[in-house]
Every structure is written in C-alpha cells, then in structure tokens.
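> Here's my sequence, what's the structure:
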Amino acid sequence: MKLTLFSCAMLLVSTSLLATTEMGAQAKHYTMVPEQLSRYQASAFPDRIILIPTTQPAHSQTVNWRTNTGLLKPEAEIALAQSGPGFVWQSSRVAATSQSIQTENGLALQHSVTFSDLKADTQYLYRVKGAGTWSEWLQFRTATAGFAPFSFIYFGDAQNHNKSQVSRVMREALLTRPRAKLMLHAGDLVSSREGNHDNEWGEWFDALGWAGAMLNQFITPGNHEYVEDGQEQHHLVPQFAAQFNGLRNGPAPLQETVYYTDYQGVRFISLNSMAALQDEAMAKLQAQWLKQVLGNNPARWTVVTYHHPMFSVSQGRDNPLLRQHWQPVLDQYPVDLVLQGHDHTYGRVSQQASNGQLSGAVYIVSVAGPKMYLSSDTSRQRMQRLAEDTQLFQLIDITENELKYQALTVTGELYDGFVIQKQGKQRTLKEAADLPATRLCGTPAELRVRASRCWNSTEFNLPALPFNL
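Down below sits the predicted model:
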C-alpha cells in the first residue's frame with residue numbers, strides 16, 4: 001500500500017508540473033466563460049444593480065444598473081416597505097440618467113438614479129427599469145440620522161475567478177453577519193489583464209449577488225482597475241466610474257475614486273493609491289484633501305481604505321511614497337482602521353504601548369480571492385498577525401465606545417481579532433485570545449508557477465485543473 005500511495009503521489013506531482021506549464025501558456029482569462037461563448041452581454045433585463053451610499057445616507061440613496069441600448073427612458077420606482085404587496089400602489093417613479101459604455105461584450109447603457117427626501121432609519125422597496133421590463137423589487141433601510149451601532153464587512157482583493165472562488169467568501173461573510181449595513185472592497189475587484197474584461201465584471205456581480213442591490217457598497221480602486229495604453233499611460237477602466245457612480249465629493253480630478261460618506265457615526269474615506277503612486281502630485285493632492293476631511297470630522301469612528309499597503313506584507317513590495325505623504329496625516333488625526341489590499345496575504349500592524357494604548361491607526365491587509373503571495377522576512381518581523389494561502393473576510397461591529405474586528409477564514413475559523421475601546425480621546429486595543437497558529441503557504445515549491453507566489457491563480461483557469469487532465 002505504501003508503494004502504491006507513493007507512486008500515485010509522484011504521478012500527481014509530475015502531472016501537475018506538466019499541467020501547470022501547459023496552463024501558463026493557454027490561460028488567457030480568469031472567468032468560467034469559454035472563449036466561444038457569450039454570458040455577460042447586456043440585455044433588456046436590468047443587471048449589475050448596486051447600491052452606492054450618498055453624502056447623506058439617512059435621507060438619500062444612489063442605485064446604478066445596466067441594460068442594453070433599448071432602454072430609452074431610464075427610470076426607477078420606490079415605495080415605503082409594507083408587509084404585503086400593496087406597496088406597489090403607493091410607489092413613485094424617479095427619472096434616471098444614462099451613459100453609454102463600450103466593452104468587449106458590446107455597447108451597453110449604465111444608468112444611475114438617486115432617491116432623495118427619504119426618511120431616516122426607514123425601510124424602502126425599489127425596482128429599476130429595463131427595456132420593456134423591470135427588475136425585481138429590492139429592499140434597503142436608510143441609515144439613522146445620528147450614531148447607531150451597526151456592522152460592516154471588509155474584503156481584500158477578489159481579482160481572479162470571482163464566480164468560481166470568490167463567491168463563497170462573499171456568501172459566507174453575509175451568512176455570518178446577515179444584518180451588516182455595508183460592504184467595503186479594498187480594490188482589485190477584477191484582473192483586467194487577459195481575455196474578456198467585462199466577463200470578469202459580470203462574474204464579480206454574480207459573486208456579490210443580491211447583496212449588492214440591498215446593502216451599501218463602498219469601493220476603492222486598485223491597480224487592476226487600471227489598464228495601460230500603448231504610451232504606457234494607465235487609465236481607469238470604464239466600468240469602474242460607470243458602475244459605481246455616486247459619491248463625488250473628492251478633489252478634482254479624482255472625484256470618481258476619492259470620496260467619503262458618514263454612515264451612522266462612522267466616516268468612511270476612499271483614497272486612490274494607484275494615482276498617488278503613479279504621480280506624486282496626486283499623492284500630495286490627496287494628502288491635502290484628507291487633512292481637510294479628517295480635520296473637520298464629527299464622526300465617532302473613522303475608517304480609511306485604499307489599495308496599496310502602507311506597510312507591505314508580500315515579498316518585493318514597498319510603497320514609501322504613501323508613508324511620506326499619507327502616513328503623517330493618518331497619524332495626526334484619530335483614524336481607527338486603514339483597510340487595504342494588493343499584497344494577496346494577510347497582515348495587521350499598529351503602534352501601541354505596553355498597556356494597550358493605541359497610537360495611530362490599525363493597518364490591515366487582506367485577500368478574498370485565490371491568488372496568493374508569500375510574505376517577506378521584514379513583514380514576518382513587523383506584523384502582529386500574518387497569513388499566507390488564506391481566503392478571508394472581515395467583520396467589524398461598531399458601538400459607541402467599542403469597535404470589534406474579526407478576520408475569519410472562508411471556512412469560518414477566527415484567524416485574527418481585536419477590540420478597540422474608546423474613552424474620550426484615549427483608545428486601547430486588546431487582541432483576541434487563543435488565535436490559531438500562523439498560516440503559511442502549503443503549496444510545494446515545485447508546484448509553484450512563480451517562486452514568490454503560493455498560488456498564481458492561473459492554475460485554476462479553464463479548461464481544467466491538473467487532476468482533470
């Protein structure tokens with residue numbers, strides 16, 4: 001039996017090595033859609049419906065969606081929620097705006113509507129129009145006018161194989177915290193490198209599912225929301241600004257990606273680290289804007305998100321420009337959490353005294369998708385918590401004086417956790433007890449497509465996995 005098992009293991013290794021090499025050449029996209037098939041072309045039926053917070057989420061709500069070009073008069077309907085179906089007779093119709101968008105899946109229309117004059121902490125139903133049809137009725141609750149306890153969910157990079165591998169992360173997060181009010185995405189929602197980029201967006205919305213249309217989504221761009229032209233200039237992909245059109249209270253010319261909202265006593269701020277790293281002037285501009293937004297901040301808690309980490313976790317990565325221009329501002333004001341992505345690992349670091357008193361923000365890097373990198377020696381020494389080869393989602397529960405943070409694996413294990421307690425201007429951090437051992441890459445070195453990566457993600461591309469060849 002031992003000889004048989006050994007022989008099978010060697011056969012699997014040799015087959016896997018051959019398959020990995022072959023797939024490196026034939027993998028041209030990161031979706032489940034074969035090249036010869038169409039899956040995500042716009043149609044008469046509304047799709048990619050998503051809730052985007054406004055500057056006053058207690059009294060207004062933005063909704064975006066997509067159709068084909070047959071919808072000439074975009075509209076939405078909204079009504080106060082009732083326990084029975086008769087709410088439809090009290091609904092009102094609101095005109096929307098449209099913009100055309102050309103992608104690999106053809107010409108489509110992106111629509112946007114903002115419902116205004118809403119009542120605080122009130123449940124509403126809405127639906128959006130298609131070309132001769134409508135979406136289902138979807139339900140949401142406005143924010144409270146002042147502070148109120150709530151929960152939100154944070155995801156690191158999704159990027160590749162959203163429907164195949166990221167969907168379970170988003171679903172497990174929502175099953176674990178079903179009454180969350182907001183979902184925060186720290187960039188690199190898609191890859192935008194090979195194959196049909198619009199199919200990737202279709203699968204991201206599939207992975208998110210109905211939650212995107214019923215919970216507010218707060219989204220910051222990553223480097224993979226940018227594509228490079230023939231002159232080596234990077235441009236934001238057209239889907240980003242069109243699909244997430246809403247908050248535009250940041251500095252010009254970055255209003256499509258830099259913004260903030262106050263939601264039930266928490267100020268959420270999005271910065272564009274890609275723009276900052278490409279152009280130091282954009283780093284300085286955002287630092288000046290951030291100083292204004294933090295200097296006039298009535299919120300009880302403050303959460304900042306951007307893509308590239310202040311303190312990198314993965315091998316060969318570092319972003320000194322962010323530490324030069326952004327960290328002094330973040331340290332000057334009482335920012336509580338800085339939520340990041342990009343490194344395809346997990347890491348948490350903060351500065352605190354021996355009595356647990358917290359100085360500055362808690363900086364966190366996480367990953368939701370299947371691309372997995374290796375941590376650096378520096379980060380293994382610096383980070384207070386670290387992981388490789390682990391798909392995670394994060395739950396943040398907020399009360400007036402306490403912020404509880406939990407990072408859970410997709411299989412439901414508590415991997416990291418802490419509580420920040422706030423008394424006046426004093427904050428203390430207490431780490432959760434009995435956290436599991438540090439998770440490191442379990443992929444044998446001979447099976448790694450790249451030496452610095454635990455999984456490259458091309459291993460999971462169509463047409464097949466190694467053991468199916």
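> mind listing what the closest residue to residue 452 other than its chain neighbours touches?
Spatial nearest neighbour of residue 452, excluding adjacent residues (Cβ to Cβ, 6 or more residues apart in numbering): residue 315 at 4.9 Å. (C-beta placed from N, C-alpha, C; glycine too.) Taking Cβ atoms under 8 Å, 6 or more residues apart in numbering, we find residue 315 in contact with 373, 374, 375, 376, 452.
> out of these, who's nearest residue 116?
Taking Cβ to Cβ as the measure, residue 116 sits nearest to residue 373 out of the contacts of residue 315, at 43.9 Å.
> Do a quick rundown of the strands in the stretch 201-350 of the chain.
Ranges of strands in the stretch 201-350 of the chain, per DSSP state E, counting those that start in this stretch, are 216-219, 226-228, 234-236, 259-263, 266-270, 301-305, 337-340, 346-352.
> tally of neighbours for residue 253?
By the criterion of other Cβ atoms under 10 Å, residue 253 has 11 neighbours.
> Go ahead and confirm residue 416 touches residue 432.
Yes: between residue 416 and residue 432 a contact is recorded at 7.3 Å, counting by Cβ atoms under 8 Å.
> The two: which has the busier surroundings?
With neighbours defined as other Cβ under 10 Å, residue 416 and residue 432 compare such that residue 416 has more, 24 against 16.
> quick check, the more buried one in a strand?
Yes: checked against DSSP: H, G, I helix; E, B strand; the rest coil, residue 416 lies within a strand.
> My guess is residue 193 contacts residue 225. True?
No: using Cβ under 8 Å as the test, residue 193 is too far from residue 225 to be in contact (11.5 Å).
> who's more crowded, the two?
Set side by side, residue 193 and residue 225 show more neighbours around residue 225, with 26 against 15, by other Cβ under 10 Å.
> most tightly surrounded among the strands of the stretch 201-350 of the chain?
For the strands of the stretch 201-350 of the chain, the largest average neighbour count (mean count of other Cβ atoms under 10 Å) is found in strand 337-340, namely a mean of 27.
> Pairing partners for that one, with directions?
Strand pairing for strand 337-340, using DSSP bridges, gives strand 301-305 (parallel), strand 358-365 (parallel).
> residues making contact with it?
By Cβ under 8 Å, 6+ apart, strand 337-340 touches 154, 156, 184, 186, 302-310, 330, 361-366, 394, 396, 403, 405.
> CA-only coordinates of that strand in CSV, if you can.
This file holds the C-alpha atoms of strand 337-340, laid out as CSV (Å, rounded to 0.1, in the frame of the first residue of the first chain):
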residue,chain,number,x,y,z
LEU,A,337,-8.8,51.5,10.8
VAL,A,338,-6.9,51.6,7.5
LEU,A,339,-8.2,48.7,5.3
GLN,A,340,-6.0,47.7,2.3
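> Now which of the contacts of residue 315 would you call buried?
Buried by 16 or more other Cβ atoms under 10 Å: 373, 374, 375, 376, out of the contacts of residue 315.
> Is the third one bridged to anything, and to what?
Here residue 375 sits in beta bridges with residue 314, as judged by DSSP bridges.
> Equivalent analysis for the one 10 residues further on, please.
According to DSSP bridges, residue 348 are recorded as the beta-bridge partners of residue 385.
> quick one: residue 377 and residue 385, what's the gap?
16 Å (Cβ to Cβ, to the nearest Å).
> For the residue nearest to residue 452, report the pLDDT, please.
pLDDT, residue 315: 96.
> before we move on, back to that, got the strands paired with strand 337-340 as TSV, with mean pLDDT and distance to residue 462 columns?
TSV is the format used below for the strands paired with strand 337-340 (pLDDT from 0 to 100; distance: least, Cβ to Cβ, whole Å):
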stretch	mean pLDDT	distance to residue 462
strand 301-305	98	32
strand 358-365	96	29
